[in-house]
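In: Please find the sequence and the predicted model below.
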Amino acid sequence: MEQAEGWIIENNVLGKEFVFKDFVTVIQFINEVALWSEKYKHHPVWTNNYNKLKITLFTDSENSITEKDYQLASKINDILEAKYICK
């Protein structure tokens, strides 16, 4: 199975935490991830508090972490590296 840099498995979900420079930047990032999530037909769970964002991935239909989760995690990493600077 593909790996995604910086993502960890905790409580049977794949997750990563991000810290951005401000709230607006977090929302811009969320919106871009949302567009790709629709294309992948795979949707994250996220929690946002001002400049902090936690994303978790899990395939409900398989009741486990699957290749879909790793693919979306890698795409999220690509989006982050291409356009955003985290603290």
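Out: Happy to help now that I have it. Residues are numbered from 1 along each chain as shown.
In: Run a quick neighbour tally on residue 10.
Out: 9 (other Cβ atoms under 10 Å). To be clear about C-beta, it is placed using only N, CA and C from the backbone, and glycine gets the same treatment.
In: again, but for residue 7
Out: If you count neighbours by other Cβ under 10 Å, residue 7 ends up with 21.
In: What of residue 54?
Out: 14.
In: Just the C-alpha atoms of the helix or strand in which it is found, please, in CSV.
Out: Element membership for residue 54, per DSSP states H and E: strand 52-57. The C-alpha trace of strand 52-57 is given here as CSV (Å, rounded to 0.1, in the frame of the first residue of the first chain):
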residue,chain,number,x,y,z
LYS,A,52,-4.9,24.6,13.0
LEU,A,53,-6.4,21.8,10.9
LYS,A,54,-6.6,18.1,11.6
ILE,A,55,-7.5,15.8,8.7
THR,A,56,-8.4,12.1,9.1
LEU,A,57,-9.0,9.6,6.4
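In: Could you count how many residues lie near residue 34?
Out: Residue 34 - counted by other Cβ under 10 Å - has 12 other residues nearby.
In: who's in contact with the helix or strand hosting it?
Out: Element membership of residue 34, judged by DSSP H and E, is helix 23-40. Helix 23-40 has contacts (Cβ atoms under 8 Å, 6 or more residues apart in numbering) with 18, 20, 43-44, 46, 48, 50-53, 55, 68, 71-72, 75-76, 79-80, 83-84.
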